[in-house]
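[1] Here's my sequence, what's the structure:
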Amino acid sequence: MKKMISLCLLLFLVACSTIVIPSQNTIADKKLQNDIKKGISLHEGHANPSKISISNITQLPKIGNSYIEIWYLKGSDKSYTVKMTPSKSGGVELDISNNIKK
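    Next up, the predicted model:
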């Protein structure tokens with residue numbers, strides 16, 4: 001009985017360790033999030049991505065192989081559409097565009 005409980009606990013821990021919980025509603029891992037923030041900071045005219053604060057991220061329906069998200073800047077009405085497409089070389093191609101309100 002003790003071995004059975006230990007085995008169940010081990011299986012549970014292994015299963016939990018493979019679950020990826022999106023950070024701030026994004027599918028991007030920490031490295032990709034930093035790359036996205038760098039891209040947004042270039043659009044904003046900042047050399048330092050740490051000056052960029054994100055208030056919210058909204059996932060849109062997937063288009064083909066591409067994941068689409070809207071990243072909202074904290075303290076402003078600015079947002080950016082982020083398109084993430086897995087590349088054949090194993091990385092991710094990013095397309096970041098400014099959502100300008102008219």
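[2] Tell me the helices and strands packed up against the lengthiest strand in the chain.
    With secondary structure taken from DSSP state E, the chain has its longest strand at strand 54-63. Applying 3 or more C-beta pairs under 8 Å, 6 or more residues apart in numbering; DSSP states H and E, we find strand 54-63 packed against strand 66-73. Yep, even glycine has a C-beta here, placed from its N, CA and C like the rest.
[3] which element follows the strand it packs on toward the C-terminus?
    Sequence-wise, the next helix or strand beyond strand 66-73 is strand 79-86, with elements assigned using DSSP states H and E.
[4] Please work out the angle formed by the directions of that next one and strand 66-73.
    Angle, strand 79-86 to strand 66-73, by axes from the mean of the first three to the mean of the last three C-alpha atoms, to 10 degrees: 150 degrees.
[5] Show me what strand 79-86 pairs with in its sheet, parallel or antiparallel.
    strand 66-73 (antiparallel), strand 92-99 (antiparallel) (DSSP bridges).
[6] any idea which helix or strand carries the most centrally placed residue in the chain?
    In the chain, the C-alpha nearest the mean C-alpha coordinate belongs to A28, at 2.7 Å (C-alpha atoms, centre = their mean). In this assignment (DSSP H and E), A28 forms part of neither any helix nor any strand.
[7] So it sits against I96, correct?
    No: A28 is beyond contact range of I96, at 11.7 Å (criterion: C-beta atoms under 8 Å).
[8] hey, what's in contact with both of those two?
    Overlap of the contact sets of A28 and I96 (by C-beta atoms under 8 Å, 6 or more residues apart in numbering) consists of 36, 82.
[9] these two touch, right, I70 and K78?
    No: checked against C-beta under 8 Å, the pair I70 and K78 is beyond contact range at 10.8 Å.
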